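Q: Give me the fold of what follows.
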Amino acid sequence: MKLSIFSAATGAAMVGALVLTGCASGPVASPSPSTSASVSPSTTPVDERGADALAEFEVAATASCDKAMAEGVVETVAAGDKLAQPEWWLMMVPKSDAIDGFSAARYSSATDSAEVIYETYEFDTCYSATQFALAREGGIDLNKVMHVTYDKMMRSYVAVGLQAESGPAVTFFFLNDAGLIEKVQYPGAEVGEVAFERAIRYGALTSEEQGWFESAVAKVN
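A: Residues are numbered from 1 along each chain as shown. Okay, the predicted model is just below:
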């Protein structure tokens, strides 16, 4: 599991992760992970998934991050026993819709407050793609970064991150028919238990989400 319900696990592979927004000196350019990942843009049909799970998941992860950065994305985070009651919203807008160079934020329903997000790896739609891109740039064997299998019964890719300081972290990634990540689950302590789940929606923010995003940016300014 990641170190918190809204941020990605830390580790050496994440040093220099893709930057979403600017700091005091202004926006920082953030290339898409696909600019450095040498994979085919095609997706694997549902009934053929699992033959080469790692390669298939790299394609899916990269395509998901590309779509999120190009069109925007919202990831809602809920506890496994309260899936209908999200606790967090992570929002990303395309660069063309950024406000003062900021393009992402998170909102907490518990505190009714929002804050900006600075790096793409906080999004499950981009975390794995970022790991793959950094590994390829550094000439690192992808098998040393992540072990991936495909669970045909659950119809999900099971990724075991090997870079987390706390040890291997298991995550279940569910894809839609287009081969994009649409749901992510983090297992609990018991077999079959879901600790947290992220539901993913690509595209524009709702008016309410846009308001949260704007309030997060206003705090920085």
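
Q: Show me where the chain dips below the pLDDT cut-off.
A: With pLDDT under 70 as the threshold, the chain has low-confidence stretches at 1-42, 163-167.

Q: Let me know the next secondary structure element after the helix ranked longest in it.
A: Longest helix in the chain by number of residues (criterion: DSSP state H): helix 53-71. Proceeding N to C from helix 53-71, the next assigned helix or strand is strand 73-79, under DSSP states H and E.

Q: Please state the offset of that next one from the chain centre?
A: Average the C-alpha atoms of strand 73-79, do the same for its chain, and the two points are 10 Å apart (Cα atoms, centre = their mean, to the nearest Å).

Q: Next: stretch 193-203.
A: Average the C-alpha atoms of stretch 193-203, do the same for its chain, and the two points are 10 Å apart (Cα atoms, centre = their mean).

Q: can you pull out the helices in the protein?
A: Listed in chain order (using DSSP H), the helices of the chain are 53-71, 124-137, 207-220.

Q: can you put these in a markdown table and add mean neighbour count?
A: For the C-beta atoms, the positions are set from N, CA and C on the backbone; glycine is no exception. Formatted as a markdown table, the entries for these read as follows, by neighbours: other Cβ atoms under 10 Å:
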| stretch | mean neighbour count |
| --- | --- |
| helix 53-71 | 23 |
| helix 124-137 | 25 |
| helix 207-220 | 16 |
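
Q: Please name whichever of the ones you listed is nearest to residue 195.
A: Of all the helices of the chain, it is helix 124-137 that lies closest to residue 195, at 14.0 Å by Cβ to Cβ.

Q: Quick one: work out the angle between that closest one and helix 53-71.
A: Going by axes from the mean of the first three to the mean of the last three Cα atoms, to 10 degrees, helix 124-137 is angled at 120 degrees with respect to helix 53-71.

Q: Contact partners for the residue nearest to residue 141 when sequence neighbours are not counted?
A: Beyond its immediate neighbours in the sequence, the residue positioned closest to residue 141 (Cβ to Cβ, 6 or more residues apart in numbering) is residue 135, lying 7.6 Å away. Neighbouring residues of residue 135 by Cβ atoms under 8 Å, 6 or more residues apart in numbering: 13, 141, 142, 144, 145.

Q: Quick one: the strands in the protein, in order.
A: Remark: strands of the chain, listed N- to C-terminal, are 73-79, 88-92, 104-108, 113-116, 146-151, 156-161, 169-175, 181-187, 194-202; assignment by DSSP state E.

Q: Residue 58 is nearest to which of those strands?
A: The minimum distance between residue 58 and the strands of the chain falls on strand 146-151, with 8.3 Å, by Cβ to Cβ.

Q: just checking, what packs against the closest one?
A: With contacts defined as 3 or more Cβ pairs under 8 Å, 6 or more residues apart in numbering; DSSP states H and E, the secondary structure elements packing on strand 146-151 are helix 53-71, helix 124-137, strand 156-161.

Q: Same list (those) but as a markdown table, adding distance to residue 186.
A: Compiled in a markdown table, the helices and strands packed on strand 146-151 are given as follows (distance: least, Cβ to Cβ, whole Å):
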| stretch | distance to residue 186 |
| --- | --- |
| helix 53-71 | 16 |
| helix 124-137 | 10 |
| strand 156-161 | 11 |
